[in-house]
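> Output the structure for:
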Amino acid sequence: MRSLWPIERAALEAAAHDYQTLADVVREQIAAAQVSDFENTGAGFFSTLKVSPEAPRLPDKSPLDAATGAVGNIEHGMGFLLFVENGYVSLIEGYVYGDVSTVRIDFETVNFDLKPWSLAGG
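As a prediction, the model looks like this:
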C-alpha cells in the first residue's frame, strides 16, 4: 500500500468542497486512506483505497462527482468520481474527456489543475 498521490488527494479535497455536509468526514477519511491498487486503464485510472475503520463513515451515496480539470497535456482534461462502499471511499475514478490515451502519463508526478464541479464554471 502507498500514500495518496497529489492528484488523488486533490480529487478527494474537491469532493469535500462540493459536499459540504460530508466535508469533515471526507477529510478524516483522506487522512486515514492508503492506496491498495492503482490501474492506468489508458482512458484514465482507478485508485482503490483502503480507509482505516477508525475513520467516521459516509452515507453509501455513490458515486460522488468530485472534480474536473486540466491534467498534463490531455487536450480536454479529465473528470473524477469517488465511489463509497460500506461508508468508506473505496475508489477514485479519473476519466479522460474524449479519445486520448493515458498510457504514458505518470499520475504520481503529472501536473494538474483540478477544480470542484461547483467552481468549474462550464
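> which stretches of the chain form helices?
Listed from the start of the chain, the chain has helices (DSSP state H) covering 6-18, 23-31, 117-120.
> Any idea which of those has the lowest pLDDT on average?
Looking at the helices of the chain, the lowest mean pLDDT belongs to helix 117-120 (a mean of 91).
> List the buried residues of it.
When neighbours are counted by 16 or more other CB atoms under 10 Å, the buried residues of helix 117-120 are found to be W117. Bear in mind the C-beta positions are built from the backbone N, C-alpha and C, glycine included.
> can you check stretch 66-76 too?
66-69, 71-72, 74.
> what's the answer for stretch 98-112, then?
Buried residues in stretch 98-112, counting neighbours by 16+ other CB under 10 Å, are found at 100, 102, 105, 107, 110, 112.
> cool, stretch 86-102 as well?
Buried residues in stretch 86-102, defined by neighbour count with 16+ other CB under 10 Å: 87-94, 96, 100, 102.
> what about it, how long is it end to end?
With CA to CA, to the nearest Å applied, stretch 86-102 spans 30 Å between its terminal residues.
> hmm, who's touching that stretch?
Contacts with stretch 86-102, where a contact means CB atoms under 8 Å, 6 or more residues apart in numbering, come from 7-8, 11-12, 26, 29, 33, 40-49, 51, 55, 57-60, 63, 66, 71, 74-85, 107.
> Buried among these? Make that a PyMOL selection.
Selecting in PyMOL just the buried members of those, where the criterion is 16+ other CB under 10 Å, is done with this command:
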select buried, resi 7+8+11+12+26+29+33+40+44+45+47+49+51+55+58+66+71+74+77+78+79+80+81+82+83+84+107
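> give me every residue that touches the residue of the chain most remote from its centre.
Going by CA atoms, centre = their mean, the residue of the chain most distant from its centre is E54, 21.0 Å out. By CB under 8 Å, 6+ apart, the contact set of E54 is A32.
> so how far is E28 from it?
E54 sits 9 Å away from E28, going by CB to CB, to the nearest Å.
> now do N40
As for N40, its distance to E28 is 28 Å (criterion: CB to CB).
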